[in-house]
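**Student:** Sequence plus predicted model, see below.
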Amino acid sequence: MTEPTMGGTARRGPGTDGPVLVVGRGLIGSALADRLAGITRVLTVATRGGDHPDHVGLDLATPGGRGGLGELIGRERPRRVVLTHGPSDVTWIESHEPRAAEVHRAVAEVVRDARVPAILVSTDNVFPGTRPGYRDGDPVGPTNAYGRIKESCERALASGGDHLVLRVSLVYGWAAPRHRATYAERCLAAATAAEPLEAPTDQEFTPIHVDDVARALAALSLAPDPVGGVRHLAGPDLVSRHDFAVRAYAAWDADPGLVRPCLRAETHLASRPRYSAMVSSDLSEVPGLDGWCPAGVERGLGAMLASRPRPGPAAE
């Protein structure tokens, strides 16, 4: 299959036999690549080195690295490009917005201009967070730097074709070595050490296990007909950070009384919205997702316990 370029020459279009290109090897990108391995060819791109032959190391913070990404897409013509790239540390981004915005948006523009179907992993921080239950048709209005950057990327992709924006709530699970630990890991590390943990009561969210995010993204990446528009993916439980931590301590057979209530303004979570809470979209038309729904907090924590490595360092 070919399609004309702006200059009139032919460009090979994406096909169902092309690889899935995962941009980013953090929590979500790594889990997605692992899930797709053995099902289809997977290419991964990140600044850090990879542990398999189909990983390409590119510094996407530089024009040269982004140019390399465009060349890779042109050469491989993947069936889907899945954007999971960072930076993703909400606290760090709040004080480094211009730097983070340049990377996020410029990478999205490279993928948009390559004219291959793409999936952007976005965030519930694109909403003002004044209430729970945001749906995929609700108007956005970010109040922090991370939300503004992701909303800008959403607009960039929307201007270039029928791409998919998949907004996800806070993701938890075991992070790979050398990666920033998740909130659940911080809770479990403190529970293991029988240490107190301050957890805000005034931030509520709909957390989702990384395995569920990987399952949904894999199905969307392999769907024969690309799904476009905006969809939401969130866990079924609305809990506060404090509630989540209490459940984590209880699951670990630690004393839940060690979890001390506080306000988010007293912690590094001050820039988070009051509510980071969405309602999942209906994805039943996607092959492999009919009748499926993400795990609740207890089941997700149970999955972590069943596959427990040594808990990592505290999350930012």
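**Tutor:** Ah, there it is.
**Student:** for the stretch 1-150 of the chain, which spans come out with low pLDDT?
**Tutor:** For the stretch 1-150 of the chain, residues meeting the criterion pLDDT under 70 lie at 1-16, 48-52.
**Student:** One more pass at 90, please.
**Tutor:** Where the stretch 1-150 of the chain drops to pLDDT under 90, the residues are 1-17, 38, 46-55, 86-88.
**Student:** Strands of that one, residue ranges please.
**Tutor:** In the stretch 1-150 of the chain, the strands defined using DSSP state E, counting those that start in this stretch lie at 2-4, 10-12, 20-23, 42-46, 55-57, 80-83, 118-123.
**Student:** Once you drop chain neighbours, what's closest to R148?
**Tutor:** P142 (4.7 Å; C-beta to C-beta, 6 or more residues apart in numbering). In short, each C-beta sits where N, CA and C put it, glycine included.
**Student:** no wait, L258
**Tutor:** P196 is the one closest to L258 (C-beta to C-beta, 6+ apart), at 4.8 Å.
**Student:** just to revisit the earlier point, quick one, which of the strands of the stretch 1-150 of the chain is nearest to A254?
**Tutor:** Of all the strands of the stretch 1-150 of the chain, strand 118-123 sits nearest to A254, with 30.0 Å by C-beta to C-beta.
**Student:** Show me what the closest one packs onto, helices and strands only.
**Tutor:** Identification of packing neighbours for strand 118-123 by 3 or more C-beta pairs under 8 Å, 6 or more residues apart in numbering; DSSP states H and E yields strand 80-83, helix 97-114, helix 145-158, strand 164-168, helix 210-222.
**Student:** which residues touch that strand?
**Tutor:** By C-beta atoms under 8 Å, 6 or more residues apart in numbering, the residues outside strand 118-123 that reach it are 28, 80-84, 108, 111-112, 146-147, 150-151, 153-154, 157, 163-168, 213, 217, 220-221.
**Student:** Can I get it in CSV, CA atoms only?
**Tutor:** Provided in CSV are the C-alpha atoms of strand 118-123 (Å, rounded to 0.1, in the frame of the first residue of the first chain):
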residue,chain,number,x,y,z
ALA,A,118,-0.8,6.5,16.8
ILE,A,119,-2.0,6.0,20.3
LEU,A,120,-1.1,8.8,22.8
VAL,A,121,-1.2,7.7,26.4
SER,A,122,-2.5,10.8,28.2
THR,A,123,-3.7,11.6,31.7
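**Student:** If I take it and helix 210-222, what angle do their directions form?
**Tutor:** 150 degrees (axes from the mean of the first three to the mean of the last three C-alpha atoms, to 10 degrees).
**Student:** Adjacent strands (with direction) for strand 118-123?
**Tutor:** If you go by DSSP bridges, strand 118-123 pairs up with strand 80-83 (parallel), strand 164-168 (parallel).
**Student:** Deepest in the core, which of these is it.
**Tutor:** Sort the strands paired with strand 118-123 by mean neighbour count, taking mean count of other C-beta atoms under 10 Å, and strand 80-83 sits at the top with a mean of 27.
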